[in-house]
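Let's see this in three dimensions:
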Amino acid sequence: MRRITYLMMLVFTTVHFAACEDDSDTQGAHSEGQDKMIGDWKYNQPYLEFKYATDTIRFGNFAIAEKEMKQLFLEMATEKMGNYFTGIEFVSNQQLLVKARNAAGKPLHIHAGYVKNENLMEVSLDKDDIAAFMRERAAMIPAISFNYLLSGKELTVYLDKTYVRTLWETAPLKNKLSGLLADQMIPGFGEMEPTEQQKALQGIQMQVSAILNNIQTLKIGFVLTK
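Residues are numbered from 1 along each chain as shown. Below you'll find the model as predicted:
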């Protein structure tokens, strides 16, 4: 069951971070609290709001109830995310530092620039820092648009389903994620002929698109505390 949920996590966590519905109270909190973001924020817990069109999510031969998927997802995210992600330091109005650690526990910092507009934050990660973190050459990562909710000493950032869908439709990311899923789901995928591999990847991509189409609500990210 945990393996099934891991596959679902690969589908839903194409990237982390934010978008939320606007209202007058939220907008007021953002305007008054923008300067309060400067400083060091510690990772506290994962954040997930998820609603599917049916009670059961099906992916290939796997099936899992919506409620069970959410529970297992949060359990796994709590365990895994806390191992690598430690927080964010907002150094100034334009620069931030993502704080993480590698598998050996060595601290790693990823520099980034950001621009805020009401509750929207556009973040541009430093590609050299990303390459050092991933231990491989990193392609230029486009700026990522996040929304944020600041309430006192708690900062919530998350991605919504529209942004996840947009990322999924990015060809390089779609191909990479499809390959990861194929390796997990299809025995002997690596030994298949190229034409058969392509058919298998297209089938996986159709299934993922169908899942994304059936998601009614998706807000996935994390909560930071100061």
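
CA only for contacts and neighbour counts going forward, please
Noted.

Next, count neighbours for Phe90.
Around Phe90 there are 20 other residues, counting by other Cα atoms under 10 Å.

Check this protein for its longest helix and report it.
The helix that spans the most residues within the chain, counting by DSSP state H, is helix 194-214.

Secondary structure of Asn93: a helix, I assume?
No. Using DSSP: H, G, I helix; E, B strand; the rest coil, the secondary structure at Asn93 is coil, not a helix.

Tell me who's in contact with it.
35, 38, 114-115 (Cα atoms under 8 Å, 6 or more residues apart in numbering).

ok, and the most crowded of the residues you listed?
Tyr114 (19 neighbours).

How about that one, nearest residue that isn't a chain neighbour?
Val123 (4.4 Å; Cα to Cα, 6 or more residues apart in numbering).

correct me, but that neighbour touches Asn147?
No. Using Cα atoms under 8 Å, Val123 is not in contact with Asn147; the gap is 10.5 Å.

Which of the contacts of Asn93 sits closest to Leu48?
Distance to Leu48 across these (Cα to Cα) is lowest for Tyr114, with 23.6 Å.

Rounded mean pLDDT for the helix or strand that closest one falls within, please.
Taking DSSP states H and E as the definition, one finds Tyr114 inside strand 107-117. Strand 107-117 comes out with an average pLDDT of 89.

and for it, what are the contacting residues?
Contacts of strand 107-117 (Cα under 8 Å, 6+ apart): 93-102, 121-126, 129-130, 133.

Can you select the buried ones from the residues you listed in ChimeraX?
Provided next is the ChimeraX selection string for whichever of these are buried by 16 or more other Cα atoms under 10 Å:
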select :95,96,97,98,99,100,101,121,123,124,125,126,129,130,133
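
Restricted to strands, list the contacts of strand 107-117.
Using DSSP state E, the members of the contacts of strand 107-117 that fall in strands are 95-101, 121-125.

hmm, back to that, partner strands of the following helix or strand past the longest helix of the chain, with direction?
Next helix or strand after helix 194-214 toward the C-terminus (DSSP H and E): strand 215-225. Strand 215-225 pairs in its sheet with strand 39-52 (antiparallel), strand 154-160 (antiparallel), by DSSP bridges.

Most tightly packed of those strands?
Highest mean neighbour count of those: strand 154-160, a mean of 22 (counted as mean count of other Cα atoms under 10 Å).

Could you pull out the buried residues of the longest helix of the chain?
For helix 194-214, a neighbour-count test (16+ other Cα under 10 Å) marks 197, 200-201, 204-205, 208, 211-212 as buried.
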